[in-house]
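Peer 1: no sequence on this one, just coordinates:
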């Protein structure tokens with residue numbers, strides 16, 4: 001696995017997304033986060049297809065922090081089954097990636 005990862009989650013309000021982002025950065029589980037939205041999500045939940053506005057939180061972190069970040073997000077998330085997906089970063093600016101690691105220590 002890559003040394004650096006982008007972790008994605010979504011939530012139902014801009015405030016909730018900002019809170020998740022700030023808490024993860026404050027805990028040094030992510031170096032930075034962006035809140036993107038509103039987005040339109042279409043999904044099946046409790047037997048029905050739903051269309052709802054959501055906000056995506058993109059958190060950049062070191063691979064060795066993914067497990068702790070996932071637990072952190074689950075603990076603070078309002079959803080019963082939150083989307084939490086980790087995608088390896090294949091490359092990028094060496095200075096940025098070093099900063100990313102430093103900020104998660």
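Peer 2: Thanks, I have the structure now. Predicted, not measured: the structure shown is a model, and the values here were computed from it.

Peer 1: First-to-last residue distance for stretch 36-56?
Peer 2: Across its full length, stretch 36-56 reaches 5 Å between end residues, using Cα to Cα, to the nearest Å.

Peer 1: hmm, what's the outermost residue in the protein?
Peer 2: Relative to the centre of the chain, and counting by Cα atoms, centre = their mean, the farthest-placed residue is residue 47 at 26.4 Å.

Peer 1: quick one: low-confidence ranges for the chain?
Peer 2: Flagging of the chain using pLDDT under 70 yields the residue ranges 1.

Peer 1: for the protein, which helix is longest?
Peer 2: helix 14-26 (DSSP state H).

Peer 1: ranges for the helices of the chain?
Peer 2: 14-26, 66-76, 94-103.

Peer 1: Which strands or helices does the second one pack on?
Peer 2: Helices and strands touching helix 66-76, as assessed by 3 or more Cβ pairs under 8 Å, 6 or more residues apart in numbering; DSSP states H and E, comprise strand 4-11, helix 14-26. Backbone N, C-alpha and C define where each C-beta goes, glycine included.

Peer 1: still on that earlier bit, and for the longest helix of the chain, what are the contacting residues?
Peer 2: Contacts of helix 14-26 with the rest of the structure, by Cβ atoms under 8 Å, 6 or more residues apart in numbering, involve 9-11, 30-35, 37-38, 55-57, 59, 69, 72-73, 76-78, 103.

Peer 1: tell me how far that helix is from the chain's mean position?
Peer 2: 9 Å (Cα atoms, centre = their mean, to the nearest Å).

Peer 1: Show me which residues of that helix are buried.
Peer 2: Along helix 14-26, these residues count as buried under the neighbour rule (16 or more other Cβ atoms under 10 Å): 16, 17, 19, 20, 21, 23, 24, 25.
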